[in-house]
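# My questions concern the predicted model and sequence given below.
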Amino acid sequence: MKKHSCDMKLYWTTNIWPKWQIVIPKEIRDRLDLKTGDSLSVLLKWDKFIGLIRNNDLMELMEFIKQMENEKNNI
């Protein structure tokens, strides 16, 4: 069975505010180079895990996955 590693770390916590807003901590915004007006996609997994990814990065990731699948099918 293939082992999978997880490179996920908990850095900070945040709260959901009364208008359902979530603040992304400054250290994370800086590290990810997030800017005001950036468009993010919300990913939901198992009705328990929420992930955020910048839309441009999501499109790049989807293209990478598509290329990997194409290479796998051409072997």
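Now that the structure is in, tell me what you want to look at. Residues are numbered from 1 along each chain as shown.
# Tell me which other helices or strands the one helix or strand residue 71 maps to touches.
Using DSSP states H and E, residue 71 sits within helix 55-73. Packing partners of helix 55-73 (3 or more Cβ pairs under 8 Å, 6 or more residues apart in numbering; DSSP states H and E): strand 40-45. Backbone N, C-alpha and C define where each C-beta goes, glycine included.
# How about residues contacting the strand it packs on?
Strand 40-45 is contacted by residues 49-55, 58 when judged by Cβ atoms under 8 Å, 6 or more residues apart in numbering.
# Now do it against helix 55-73, angle only.
Here the directions of strand 40-45 and helix 55-73 differ by 50 degrees (axes from the mean of the first three to the mean of the last three Cα atoms, to 10 degrees).
# tell me the mean pLDDT for stretch 19-26?
Average pLDDT, stretch 19-26: 90.
# and if you look at stretch 48-57?
Mean predicted lDDT for stretch 48-57 stands at 82.
# Okay, buried residues for that stretch please.
Across stretch 48-57, burial judged by 16 or more other Cβ atoms under 10 Å covers residue 54.
# mind checking the end-to-end distance for that stretch?
22 Å (Cα to Cα, to the nearest Å).
# Which residues does it contact?
24, 32, 34, 38-45, 61.
# same question, stretch 60-69
Residues contacting stretch 60-69 (Cβ under 8 Å, 6+ apart): residue 53.
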